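[1] build the 3D model from these lines:
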Amino acid sequence: MHFLETIVNFLNSILWGKNLLVVLLIFSGVFFTFKTNFVQIRFFKHMIALLCEKSDSDDQNLSPFQAFCISTATRVGAGNLAGVVSAISIGGAGSIFWMWIVAFLGSATAFIETTLAILFRERDKNGNFFGGPCFFLKNGLGKKSWGIAFVVTGIICWAGVLQVVSNSVTESFNVAFKLNPFIMSGILTSMAGIIIFGKTDKTAKILDKIVPLMAFLYLAIVFFIIIKNFNLIPNVLSRIFSEAFGLRQGIGGAVGSIIMQGVKRGLFSNEAGTGSAPCAAASANVVHPVQQGLIQSLGVFVDTFVICTATAFVMLLTKESVIANLNGMELLQKSFNYHLGSSFGEIFVAIILFLFCFSTLLGICFYGKVNVKFLTDKEIGQIIFKLFALSMIFIGGIQQNIFMWNLADLGLALMTIINLSGVFPLSKFAFESLKDYESKFIRLKI
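    Numbers count the residues shown, from 1 in each chain. Presented below is the predicted three-dimensional model:
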């Protein structure tokens, strides 16, 4: 076990420690932003219109909104809380500015990878659509072995994430309600099991209820906090922009640390380029591939510009003396306690974290279902993965395992590299699809 930990830590030190993944993802975002002529700006209003259009799923497949909810469920998770806390704790308020930049660029990457997932997806004998990196690597590049590698690295990543997310829920409930982690872990695992097992997978229908609810609940409380402290908003914005370039700390080495913290946490949170979201998006029943690409691009904006920014504002509107020398979830809990009162603050964080994390668990289970489908059509494959996922949820809820978090980092890095190795050479098909959409659908609507 020690030998395995050494290998995992060594590879992470190269891929993440040397910022190779950060550079790759930033380059991807810049490249696709310019190649699509800033699709995330030109089509922003249209993205919202597409998401709001009434569109029902058929008997087998998801509606565009359901696909959006599944991918948003995994994006909008513990990372939107703990990730933002970590970024501000280490990089200061300025790191939020760089998270915005990363989200802006990443939305173009999300558009490309999702469009490709629709273009190269498959349909099984029951009429179900399945797609994602493993499918466009096989059907677009003829590299089935690369597709298998993506599935393996994805499962490694999601196994770690399932444990970490589950642990976040049980810890927060222990703090807020003194509920034993073993009991809470059992409750969480049972709830997930009821949803993912059965004659029909209820994941999509549950998430298209949970995601809007948790977003509304969280944003309503944050909006209340912002209104209560409206006179401090100019100072918060000033801090974000001044610290982004090290003006408050003094120009020097601090700038690099601020930028890297914002970039890393932004990439972790919005998932653009990792290949995860296309696994859900490919199941959407859409008229044109570009439509779901645009909707998933919007998901990156929602994740960072809305949810992450809301979290940041709660922290930055708190007196610095209250949260001095604090980090992690304790920092966030103290911030909410400051604004809402000690008892309600802790309870609210526990409830919202449960909603965020539970939706993430369900979203990951859906991703796994799609990728296992690539390996085998046999039902036993799905059963084995579901049991594996539930075991990860239960084990993670009982105790924190740092090694699993490191393993998740490694899995995420490897699946990102494999995903982009297909996205770049196949991107020409996404560019052509975008031109087709502009010439046919957009002009007709105008």
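[2] mind checking the SS state of Tyr437?
    Assigned state for Tyr437: helix (three-state reduction, DSSP: H, G, I helix; E, B strand; the rest coil).
[3] for it, which non-adjacent residue is spatially closest?
    Excluding the flanking residues, the one nearest Tyr437 by Cβ to Cβ, 6 or more residues apart in numbering is Val290, at 3.9 Å. C-beta: built from backbone N, CA, C; applies to glycine.
[4] can you pull the contacts of Leu213?
    Leu213 is in contact with Leu355, counting by Cβ atoms under 8 Å, 6 or more residues apart in numbering.
[5] SS state for Leu434?
    Classified using three-state DSSP, Leu434 is helix.
[6] check what pLDDT it gets.
    With respect to pLDDT, Leu434 scores 95.
[7] near the nearest residue in space to it that is not next to it in sequence, how many other residues are there?
    Leaving aside its chain neighbours, Leu434 sits nearest to Val290 (5.6 Å; criterion: Cβ to Cβ, 6+ apart). By other Cβ atoms under 10 Å, the residues close to Val290 number 28.
[8] how many neighbouring residues does Ile307 have?
    25.
[9] that one against Phe216, yeah?
    No: assessed by Cβ atoms under 8 Å, Ile307 is found out of contact with Phe216, at 11.5 Å.
[10] for the residue nearest to Tyr437, give me its contacts.
    Neighbours of Val290 in contact, by Cβ under 8 Å, 6+ apart: 115, 433-434, 436-437, 441.
[11] likewise Gln382?
    369, 372-373.
[12] in JSON lines, list these along with pLDDT.
    Converted to JSON lines, the contacts of Gln382 look like this (pLDDT from 0 to 100):
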{"residue": "Lys369", "pLDDT": "84"}
{"residue": "Val372", "pLDDT": "89"}
{"residue": "Lys373", "pLDDT": "88"}
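[13] just among the residues you listed, which is most surrounded?
    So for the contacts of Gln382 (other Cβ under 10 Å), the most neighbours sit at Lys373, 23 neighbours.
[14] okay, Leu444: pLDDT?
    In this prediction, Leu444 has a pLDDT value of 49.
[15] got it, and Ile364?
    83.
[16] go on, Lys202?
    Reported pLDDT for Lys202: 68.
[17] again with the one 3 residues further on
    With respect to pLDDT, Lys205 has a value of 71.
[18] what do you get for Gly77?
    The model's pLDDT for Gly77 equals 62.
[19] what's the answer for Val290, then?
    Residue-level pLDDT assigned to Val290 equals 92.
[20] where's it, which helix or strand?
    Using DSSP states H and E, Val290 sits in helix 289-301.
[21] could you export that helix as PDB, CA atoms only?
    Extracted in PDB, the C-alpha atoms of helix 289-301 (Å, rounded to 0.1, in the frame of the first residue of the first chain):
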ATOM      1  CA  PRO A 289     -25.600  18.500 -31.300                       C
ATOM      2  CA  VAL A 290     -24.700  22.100 -30.900                       C
ATOM      3  CA  GLN A 291     -27.800  22.700 -28.700                       C
ATOM      4  CA  GLN A 292     -26.500  20.500 -25.900                       C
ATOM      5  CA  GLY A 293     -23.000  21.800 -26.300                       C
ATOM      6  CA  LEU A 294     -24.300  25.300 -25.600                       C
ATOM      7  CA  ILE A 295     -26.400  24.200 -22.700                       C
ATOM      8  CA  GLN A 296     -23.300  22.500 -21.100                       C
ATOM      9  CA  SER A 297     -21.300  25.600 -21.700                       C
ATOM     10  CA  LEU A 298     -23.800  27.500 -19.700                       C
ATOM     11  CA  GLY A 299     -23.400  24.900 -16.900                       C
ATOM     12  CA  VAL A 300     -19.800  26.100 -16.400                       C
ATOM     13  CA  PHE A 301     -21.000  29.700 -16.000                       C
END
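[22] and the next helix or strand past that helix?
    Toward the C-terminus from helix 289-301 - assigned by DSSP H and E - lies helix 309-316.
[23] any idea how far stretch 149-160 is from the chain center?
    For stretch 149-160, the distance from its own C-alpha centre to the chain's C-alpha centre is 15 Å (Cα atoms, centre = their mean, to the nearest Å).
[24] touching that stretch from outside, list them.
    Outside stretch 149-160, the residues touching it (Cβ under 8 Å, 6+ apart) are 132-134, 137, 275-276, 364, 367-368, 371-372, 374-375, 385, 388-389, 392, 404-412, 414-415, 418-419.
[25] hang on, the earlier thing: now the residue nearest to Tyr437: how far from Lys45?
    15 Å (Cβ to Cβ, to the nearest Å).
[26] what does Val175 give?
    In terms of Cβ to Cβ, Val175 sits 42 Å off from Lys45.
[27] shouldn't Phe177 be in contact with Ala350?
    Yes: under the criterion of Cβ under 8 Å, Phe177 makes contact with Ala350 at 6.9 Å.
[28] more neighbours: those two, which one.
    Taking other Cβ under 10 Å, Phe177 and Ala350 do not tie; Ala350 has more neighbours (20 against 13).
[29] quick one: name whatever helix or strand follows the helix or strand that one falls within.
    For Ala350, the enclosing helix or strand under DSSP H and E is helix 342-375. Downstream of helix 342-375, the first helix or strand assigned by DSSP H and E is helix 379-398.
[30] measure how that following helix sits relative to helix 342-375, angle-wise.
    150 degrees (axes from the mean of the first three to the mean of the last three Cα atoms, to 10 degrees).
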